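>>> Let's see this in three dimensions:
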Amino acid sequence: MGGGTRATATVASFLDVLILLSLTTMSTAILDPLDFLALQSIRKSLEDMPGSTFFSSWDFTSDPCTFSGVLCDTEAQPNKVVALNLGDARAGSPGLIGRLDPSIGRLSSLAELTVVPGRVFGTIPDSIGQCKQLQFLGISRNYLSGPIPDALAGLSRLQTLDLSYNLLSGAIPAGLGSLPLLANLIFSRNKLSGRIPPISSPALTRLDLRRNLLTGPLPQRLPPSITYLSLSWNNLSGNVDRVLSRLQRLNYLDLSMNRFTGSIPAAMFGFPITSLQLQRNLFTGEVAPLDQVTIPTVDLSYNLFTGHISPLFSSVQNLYLNNNRFTGQVPGSFVDRLLSSGIQILYLQHNYLTGIELNPTSAIPLTTSLCIQYNCMIPPSQATCPLKAGTQKTRPTSQCIRLRG
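Predicted coordinates:
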């Protein structure tokens, strides 16, 4: 009996050891070996900037799934990295310095990759195109250079691609515009050149390509799903009325600082836009909204628009029509809105306007800024203008004789 009891106790102890070893193994060997090696390579290629402590938790003698910025799928066996957020995401925190290691492409289950603003330089590894599960790629406000890899156009699950505020150059890869799930394409403030490729992604809502070196016309068809379109500060040209007419969900439009020509579709002034920026182009023709304009800010300045100013603009809070070729009287409804503080900014300078029905004794509210100088009339003495409007109060008589006659 004594021997049997001892044997039973030995077997029980052996089972306890096996269970303990199993639990120990599960707690230390939980990450896929390829993902483990990839994280090691990524760590070697990047460093904390002074003041950053992001990598202080990256101790490879412990479980990498506990590292800052690393999220694992703990249901998978072995575990896989599904999100990699490099750097402290708190506002104002110092970022990282170094390069992006090509080993990122080994993270086969990666769905999210972000790099906080810092000094990450060099090119974007082509290998990121191997991360077929990638849905969110955001590397903005760093010093990435070189071209955008064509391989990114193979990421069929991608929903957001933000590479803004870098030094990227070359053309936008043609295939990016047809990714089926892409909702946000943000390449602003780079050095991208060439034409905007065809864009047909049916889910696209935000297209931001401002401050690049892009040339040529807009693609003939942009997805009607777009709500935010910013293409300012490029060298784009051509007619846009047909393209814009289809974008009836727009709530923000900035085409300023380009060389666009032609007219503006009247229907566009009825879109649910909060800010309409069309300044400093070569737009022509009359501007005739179909109904009262409820867009808070409309900037049509520095173009070649002609004809009378429509009274339907009197409901706009901030209206910039300066430096065009508008003629005729300022609508009376504008004066009413000015005196009631309904208009905050009304810039009409540098046109060919011939009058405004504003009583000299009427007090313009201090909250309102009115500039109407350098037209074919004497501007109200209360009007205050920005310095760039110049010092000349009226146009030379020779430029206004035909209008008055």
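>>> So which bits of stretch 261-276 are buried?
Neighbour counts using 16 or more other C-beta atoms under 10 Å place 261, 264-266, 268-271, 273, 276 of stretch 261-276 among the buried residues. Placement of C-beta: from N, CA and C, glycine included.
>>> Leaving out chain neighbours, which residue sits closest to residue 273?
Once flanking residues are discounted, residue 273 sits nearest to residue 295: 4.9 Å by C-beta to C-beta, 6 or more residues apart in numbering.
>>> how far does stretch 379-390 sit from the chain's center?
Taking C-alpha atoms, centre = their mean, to the nearest Å, one finds stretch 379-390 lying 34 Å from the centre of the chain it belongs to.
>>> Name the residues that touch it?
Contact with stretch 379-390 is made by 322, 347, 349-350, 356, 358, 360, 363-364, 369-374, 393-394, as judged by C-beta atoms under 8 Å, 6 or more residues apart in numbering.
>>> and with 6 Å instead?
Residues outside stretch 379-390 that contact it (C-beta atoms under 6 Å, 6 or more residues apart in numbering): 349, 358, 364, 370-373, 393.
>>> Over to stretch 336-345?
By C-beta under 6 Å, 6+ apart, the list of residues contacting stretch 336-345 reads 314, 317-318, 362, 365, 367-369.
>>> Of all the residues in that stretch, which ones are buried?
337-339, 342-345.
>>> Could you dump those residues into TSV and include distance to residue 217, pLDDT and secondary structure?
Formatted as TSV, the buried residues of stretch 336-345 follow (distance: C-beta to C-beta, whole Å; pLDDT from 0 to 100; DSSP: H, G, I helix; E, B strand; the rest coil):
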residue	distance to residue 217	pLDDT	secondary structure
337	37	92	helix
338	39	90	helix
339	43	90	helix
342	38	92	coil
343	35	94	coil
344	35	94	coil
345	32	95	strand
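>>> In TSV, list the residues you listed along with distance to residue 139.
TSV is the format used below for these (distance: C-beta to C-beta, whole Å):
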residue	distance to residue 139
337	46
338	47
339	51
342	44
343	42
344	38
345	37
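>>> Can you tell me which of these comes closest to residue 150?
residue 345 (45.0 Å; C-beta to C-beta).
>>> beta partners of the closest one?
According to DSSP bridges, the partner residues bridging residue 345 are residue 318, residue 369.
>>> how much space between it and residue 70?
49 Å (C-beta to C-beta, to the nearest Å).
>>> circling back to that earlier point, the residue nearest to residue 273 contacts residue 276, correct?
Yes. Here residue 295 reaches residue 276: they are 5.3 Å apart, a contact under C-beta atoms under 6 Å.
>>> part of a helix, is the residue nearest to residue 273?
No. Counting by DSSP: H, G, I helix; E, B strand; the rest coil, residue 295 is not part of a helix but coil.
>>> For it, grab the count of nearby residues.
Residue 295 has 23 neighbouring residues, counting by other C-beta atoms under 10 Å.
>>> With residue 61 instead?
5.
>>> Helix, strand or coil: sort out residue 353 for me.
Reduced to three states by three-state DSSP, residue 353 is strand.
>>> 7 is where my numbering starts, stick with that
With 7 as the first residue, the last one maps to residue 359.
>>> neighbours around it, how many?
Residue 359: 26 neighbours (other C-beta under 10 Å).
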